[in-house]
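# dropping the sequence and predicted coords here.
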Amino acid sequence: MMPRKIIHQNWIYQTSRSGIWDGKASSPRQERIRQAVRGELKKLAFHEREFVELYWFQGRSLNEIAALLGKKPYKLECLNKRIRRKLRSLLADFVNSEFGLRIAEDDRCPLCSHPEKDRIDNLLKSKKPEDTFRRIIQILKTDFGIRVSTPQVIIGHLKYHIREE
């Protein structure tokens, strides 16, 4: 099915038009791309995969999907941004190895741009669910010189910038 509109940065759909998704004969590189993207799509939550199918693969508009799912279009715009951010992070290593392109981390994240990012990530991963962020915010300030005023900065970093091994 041809999309009813052109979707900005819809490289997944453009790639699918060349036969990558249908399993027909393709080059080894196309097969690696297909496997990598499909693998990372499986890591998304069900509602995110559902949105990807409707918006990116079927080419439905946000208004159509909103009516179908009972959501507001502006919430679907936010969902689309989150999904693209997640996929960008999840596929960063593959893109680097396959194409030699390094995807820059978000410069606005004070935790990503710190020279001791690995130590910071280990600190954040050590937080237990029942703990608050107060102790971590204090350690970031005293040990790393990073001023974080709200836990949302840390939560965003955990959600979008730390790759699960």
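In hand now; what should we look at? Keep in mind that this is a model prediction, so the values were computed, not measured.
# what's the local residue count around residue 33?
Taking other CB atoms under 10 Å as the criterion, the count of residues near residue 33 is 22. For the C-beta atoms, the positions are set from N, CA and C on the backbone; glycine is no exception.
# buried ones in the one helix or strand it maps to?
When elements are defined using DSSP states H and E, residue 33 is found to belong to helix 28-42. When burial is assessed from 16 or more other CB atoms under 10 Å, helix 28-42 yields the following buried residues: 30, 33-34, 36-37, 41.
# can you name every helix or strand that that helix contacts?
In this structure, helix 28-42 makes packing contacts with helix 11-17, helix 73-90, helix 92-99, judged by 3 or more CB pairs under 8 Å, 6 or more residues apart in numbering; DSSP states H and E.
# distance from that helix to the middle of the chain?
Relative to the centre of its chain, helix 28-42 is centred 15 Å away, using CA atoms, centre = their mean, to the nearest Å.
# avg pLDDT for it?
Averaging the model's pLDDT scores along helix 28-42 yields 90.
# got the angle between that helix and helix 73-90?
An angle of 130 degrees separates the directions of helix 28-42 and helix 73-90 when computed by axes from the mean of the first three to the mean of the last three CA atoms, to 10 degrees.
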